[in-house]
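Student: I need the structure of the sequence given here:
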Amino acid sequence: MSLIAGNLAAVQQLLDDVGWRWGVCSGAATYVYGVRRPIANIDILLPPGFLREMRDLLAKKRFVAQYDGRVLLWRGIKLFDDLGLSGDQRRHPFLLDDQMQAHLRRLPLLGSRVLVLAPEDVIVQKALLTLYAGKDPTQTHRQDLEALLRVQGALLDRDYLQQRMRLCLAEGPISRLLEELGGLTVGAGGSHG
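Tutor: This next block holds a predicted model:
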C-alpha cells in the first residue's frame, strides 16, 4: 500500500500544482467515507477533455503511463475524464461537471490530502456500476453501495443526490436500487427523511 500512497502523493501534487479540479472516486472514495476494504488502486476523475493533457503532464515529469484514449494508468493510479456507462438503451453520463466540482471535499487518503467526490456522487457512481457495468462476480460495487448507504445515509444531501441521479439520466433505476439496498427514498414522490 505504501507504493500506491507515494504514487498518489505525486499525482496529487502534480494536479494541485497545475490548479485543476479533480476527484478520487469509486472504491478509494468509498474507503474515505468509511467503507473499509483493501485499496488495490486509486481512481481519479478529471474534467472532460483533460485526460490527454494529463498524459502530457506525466510525460513531462518522465512518468511513463499507459494510455488507451479512455483511461490513463500510472503505477496503481487510474485517471479518467468520463466514467459514463450505457444501459437501458441510453448513455448515462458521469462527468466531473460544475456541480460535482462544487461538491468536492479535501480529505485524507493514504497520507495525502486529496480531493474526493462527494458521497452523493460516489453513491450514484456505485449505483451506475451496479446497474450497468455488467457481471461483477464479487459484487464489489453492490457491497460498496450497501455499506456506503449504511455509513453515510443519514448525512446525505438528498436534493443533490436526486440532482446527480437526474444528470446521469438514471433517476428511476437508481431510486429503486437505493430503496432496495438501503431503504433510502429519494425523489419527488419520496420522503426526504
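Student: not counting sequence-adjacent ones, nearest residue to L85?
Tutor: Y132 (4.2 Å; C-beta to C-beta, 6 or more residues apart in numbering). (C-beta placed from N, C-alpha, C; glycine too.)
Student: that neighbour and Q89 touch, don't they?
Tutor: No - in this structure, Y132 is not within contact of Q89 by C-beta atoms under 8 Å, at 11.1 Å.
Student: more crowded one of those two?
Tutor: Remark: of Y132 and Q89, Y132 carries more neighbours, 17 against 5, as counted by other C-beta atoms under 10 Å.
Student: tell me the confidence at that one?
Tutor: Reported pLDDT at Y132 in the predicted model: 94.
Student: ok, now which ones touch it?
Tutor: By C-beta atoms under 8 Å, 6 or more residues apart in numbering, the contact set of Y132 is 85-88, 92.
Student: quick check: it vs R70, distance?
Tutor: Note on Y132: its distance to R70, by C-beta to C-beta, to the nearest Å, is 16 Å.
Student: can you say which two of the contacts of Y132 are spatially most distant?
Tutor: Farthest pair in those (C-beta to C-beta) is L85 and D88. Separation: 10.1 Å.
Student: I am finished for the moment; much appreciated.
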